[in-house]
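1. dropping the sequence and predicted coords here.
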Amino acid sequence: MRTGRDNRTGLVDMMRGEELAFAFSPTMVEVTVREFDPNKDSEGVEAVERICEVGPSGKLSLFTDLHGDPICRVRNSPTFLMLVAEIGQETVGMIRGCIKTVTCGKKLHRHGSKQVPIYTKLAYILGLRVSPHHRRMGIGLKLVQRVEEWFRENGAEYAYMATEKDNVASVKLFTDKCGYSKFRTPSILVNPVFGHPLRTSSKVTIIRLAPNDAELLYRTKFATTEFFPRDVDSVLNNNLSLGTFLAVPRGSYRPDTWPGAPHFLADPPSSWALLSVWNCKDVFTLQVRGASRVKKTLAKTTRLLDRALPWLRLPSIPNLFQPFGFHFLYGLGGEGPQAQKMVRALCAFAHNLAKDRGCQVVATEVSSQEPLRCAIPHWKILSCEEDLWCMKRLGEDYSDGSVGDWTKSPPGFSIFVDPREF
Ligand SMILES: CC(C)(COP(=O)(O)OP(=O)(O)OC[C@H]1O[C@@H](n2cnc3c(N)ncnc32)[C@H](O)[C@@H]1OP(=O)(O)O)[C@@H](O)C(=O)NCCC(=O)NCCS
């Protein structure tokens, strides 16, 4: 497997050989963009991160704490880069980028009627931040342009980014200035973790799969899903992956006599569903700021009641006003008339796992057309109905292949959201 460092030589050469500083009017301040150096930039980057809200300001805002590791949100990707912008000695902005191979379409296998995935090299931009004191000076634009240079040098065919649809600054920067177009609008569904455990249906059995079994199931059933990562095995084997869980009707399969994925695929029950759990809590924490004292007190009261009277199963509001951790549910899918019931059981199971591990919320992200979406419990107030993904084709000279220009393709029913990039 390649590491982030392997592919960075192009950028390092470019930085050695080129004038990186640029100036702009009217203030004529000099801004330098260069590769992040963990030995000297960590503190400055965290300082910017702490004062940068994610999403529109003015309402409740979400802040991120990276636990002293600014690379944490990209380090699990096969190839990654982080750039910082500085004025003098001061860090004023940063951007992260990563590249991997994903499914962008499907075609019929040459022999037979089986659909097979079409892969492309895709880059992803995340964690773009410019200090509030240095905005509208062209720094965000410069950071995007520089990371795109690195994407091109490393052969990425497309780049995409995700933002809240009402984050005007971010949407305008990418669509008006950088040539991205609005591509998909999946939903981030967030459910609180209550003080009491949730009941799982007695008619459903949940089986924990070994990573190799999970990989076979995913590759067989989901490889043609848009954004499916070709290196799904490294996701499933990552230490942050807490497991893949399969739900089946009671009596069809049992954990103690599980015959393995090949047998299951040859003889599946009428309905089944699976999902995997990713431990974001150990990577970074979030915090909601801007809530009134009244709201905080109300939320606290619901928690006290839930703790005091757990048998009533009151829907308590978790403490999101202090740094909190969460689990991300990925690779959610299933088949059969009872697939929704299976998903509900899996979500209750995942809730209880998150509760035992001290998380305040459980989140997932699914396509706006996902058929299993209605079975995923979530609170609207915590969720984001339309997470806007914008996409750009990096090289016009790439052949269209069987998929054509991916940026113009219609959405499928499902997407695979890679937990490494959430
Ligand atoms: C989004 C963000 C990175 C922009 O950084 P920036 O350095 O201020 O952006 P630039 O100065 O390079 O702006 C380039 C263009 O983006 C657009 N833009 C930037 N901020 C804007 C705003 N507040 N309102 C409208 N358009 C805006 C404009 O088209 C601008 O060009 P112009 O100044 O010629 O009109 C910055 O606002 C930020 O850090 N926000 C908080 C974190 C965040 O939301 N990150 C994005 C998540 S993907």
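-> Alright, I've got the coordinates.

2. now for the closest residue to residue 232 other than its chain neighbours: which residues touch it?
-> Leaving aside its chain neighbours, residue 232 sits nearest to residue 218 (5.4 Å; criterion: C-beta to C-beta, 6 or more residues apart in numbering). From N, CA and C alone the C-beta is placed, and that goes for glycine too. With contact taken as C-beta atoms under 8 Å, 6 or more residues apart in numbering, residue 218 is in contact with 228, 232, 236, 331.

3. which positions in this structure make contact with the ligand?
-> Along the chain, the residues adjacent to the ligand under the rule C-beta under 6 Å from any ligand atom are 52, 54, 128-130, 135-141, 161, 163, 167-170, 172-173, 176-177.

4. whichever of those residues end up buried, select them in ChimeraX.
-> Only the buried members of the residues of the chain next to the ligand end up in this ChimeraX selection, burial being decided by 16 or more other C-beta atoms under 10 Å:
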select :52,54,128,129,130,137,138,139,140,161,163,167,170,173
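
5. so which of the residues of the chain next to the ligand sit within helices?
-> Counting by DSSP state H, these place 139, 140, 141, 168, 169, 170, 172 in helices.

6. now the last one: how far from residue 390?
-> The spacing between residue 172 and residue 390, counted by C-beta to C-beta, to the nearest Å, is 11 Å.

7. for the third one, same thing?
-> Spatial separation of residue 141 from residue 390 under the definition C-beta to C-beta is 15 Å.

8. where does the protein get nearest to the ligand, residue-wise?
-> Using C-beta to the nearest ligand atom, the closest approach of the chain to the ligand is made by residue 140 at 2.6 Å.

9. wait, that residue sits on residue 130?
-> Yes: contact criterion C-beta atoms under 8 Å: residue 140 and residue 130 qualify, at 4.9 Å.

10. shared neighbours of those two, anything?
-> By C-beta under 8 Å, 6+ apart, the residues touching both residue 140 and residue 130 are residue 93.

11. closest to residue 38 among the contacts of residue 218?
-> The nearest member of the contacts of residue 218 to residue 38, counting by C-beta to C-beta, is residue 236 at 27.6 Å.

12. what values do phi and psi take at the closest one?
-> phi -70, psi -30 (degrees, to the nearest 10).

13. which residue sits closest to residue 42, ignoring its sequence neighbours?
-> Counting by C-beta to C-beta, 6+ apart, residue 42 lies nearest to residue 70, which is 5.8 Å off, once chain neighbours are set aside.

14. what helix or strand is the one you found located in?
-> Counting by DSSP states H and E, no helix or strand carries residue 70.

15. kindly report the same for residue 99.
-> strand 90-108.

16. which helices and strands does that strand pack with?
-> helix 38-51, strand 79-87, strand 115-130, helix 139-153 (3 or more C-beta pairs under 8 Å, 6 or more residues apart in numbering; DSSP states H and E).

17. CSV for these, including mean pLDDT and distance to residue 404?
-> Below are the helices and strands packed on strand 90-108 laid out as CSV (pLDDT from 0 to 100; distance: least, C-beta to C-beta, whole Å):
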stretch, mean pLDDT, distance to residue 404
helix 38-51, 90, 39
strand 79-87, 97, 26
strand 115-130, 94, 10
helix 139-153, 98, 21
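
18. of all the ones you listed, which lies closest to residue 271?
-> Nearest of those to residue 271, taken as C-beta to C-beta: strand 115-130 at 21.7 Å.

19. that closest one pairs with which strands, parallel or anti?
-> Within its sheet, strand 115-130 is paired with strand 90-108 (antiparallel), strand 158-164 (parallel), according to DSSP bridges.

20. domain boundaries for this structure, per the record?
-> 9-185+387-421, 190-382 (automatic domain parsing).

21. so, low pLDDT: which residues of the protein?
-> 1-28, 53-61, 396-403 (pLDDT under 70).

22. okay, helices next: where are they in it?
-> So, for the chain - with DSSP H - the helices run 9-17, 38-51, 139-153, 168-172, 211-222, 232-236, 261-266, 293-308, 339-356.

23. quick check: buried residues in the longest one?
-> Along helix 339-356, these residues count as buried under the neighbour rule (16+ other C-beta under 10 Å): 339-355.

24. show me what that helix packs onto, helices and strands only.
-> Looks like helix 339-356 contacts strand 204-209, strand 241-249, strand 272-279, strand 326-335, strand 361-366 (3+ C-beta pairs under 8 Å, 6+ apart).

25. could you rerun that using 10 Å?
-> strand 187-192, strand 204-209, strand 241-249, strand 272-279, strand 326-335, strand 361-366 (3 or more C-beta pairs under 10 Å, 6 or more residues apart in numbering; DSSP states H and E).

26. residue 299: neighbouring residues, count only.
-> Neighbourhood size, residue 299 [other C-beta atoms under 10 Å]: 18.
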